[in-house]
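Enquirer: after the sequence you'll find the predicted model.
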Amino acid sequence: NAGVMQNPRHLVRRRGQEARLRCSPMKGHSHVYWYRQLPEEGLKFMVYLQKENIIDESGMPKERFSAEFPKEGPSILRIQQVVRGDSAAYFCASSPPSVSGPTDTQYFGPGTRLTVL
Amino acid sequence: GENVEQHPSTLSVQEGDSAVIKCTYSDSASNYFPWYKQELGKRPQLIIDIRSNVGEKKDQRIAVTLNKTAKHFSLHITETQPEDSAVYFCDLPPPARQLTFGSGTQLTVLP
């Protein structure tokens, strides 16, 4: 069972371009989470998704950022018109389905390191 | 939203000594309390977790204790080794309104 996959591992963009980060959860996992981590800082929650639904996006900036988890394919975190402050490591994590919600272990992907020039 | 405070933010210990990291939360009906370890440049990984029906769980040199009355849970590492040096995060999953990780503790084990 492959772990959580993220690609690309490294992404370089110039200011104003778009960044698309992909996350494939572990097989059988239906919950996906995205986090941002600045150098020497903790994990900041961005968004929690289930298939075709955004459950909690309270940590997502109101502008330029969006996320989706379609019925088929990976979850996508999209950043439009990137700025230097968007440079960070973006981790996604997945957890298995649970009736009561995401109360189980989160399995993290290797992260995508975004650099905005 | 839910708040979780993690202390200390940095911790240096001599090899062989013990390390304790504590997380305090404000109000939650959560019943699951995990700890993650993140080595430099790598992804966070679960090292131990505890459910609210027990007060302590141990796995070799690592243990977690939970005090639901006082609303805190702690990570204990005994006989520390240089490879324990990393950042440790506590987590407080829903039903808190927002998934909340602690701010992290940078543990350095000095040889």
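Expert: Okay, I see it.
Enquirer: excluding its backbone neighbours, what's nearest B:Ala63?
Expert: Excluding the flanking residues, the one nearest B:Ala63 by C-beta to C-beta, 6 or more residues apart in numbering or on different chains is B:His76, at 4.4 Å. Backbone N, C-alpha and C define where each C-beta goes, glycine included.
Enquirer: from what I see, that neighbour and B:Gln60 are in contact.
Expert: No: counting by C-beta atoms under 8 Å, B:His76 does not reach B:Gln60; the two are 11.5 Å apart.
Enquirer: those two: which is more packed in?
Expert: B:His76 (17 against 9; other C-beta atoms under 10 Å in any protein chain shown).
Enquirer: now do the strands in chain A.
Expert: A:5-7, A:10-13, A:19-24, A:31-37, A:43-50, A:53-56, A:65-68, A:75-79, A:88-95, A:107-108, A:112-116 (DSSP state E).
Enquirer: okay, those in CSV with mean neighbour count next?
Expert: CSV is the format used below for the strands of chain A (neighbours: other C-beta atoms under 10 Å in any protein chain shown):
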stretch, mean neighbour count
strand A:5-7, 18
strand A:10-13, 15
strand A:19-24, 20
strand A:31-37, 24
strand A:43-50, 22
strand A:53-56, 14
strand A:65-68, 18
strand A:75-79, 20
strand A:88-95, 24
strand A:107-108, 20
strand A:112-116, 18
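Enquirer: tell me the bridge partners for A:Ser95.
Expert: A:His31 (DSSP bridges).
Enquirer: what do you get for B:Lys58?
Expert: B:Lys58 has these beta-bridge partners by DSSP bridges: B:Ala63.
Enquirer: pull the number of nearby residues for it.
Expert: 12.
Enquirer: quick one: pLDDT of residue 79?
Expert: Looking at chain A here, since you left the chain open. On pLDDT, A:Ile79 comes in at 98.
Enquirer: right idea, wrong chain: chain B
Expert: So B:Glu79 comes in at 97 (pLDDT).
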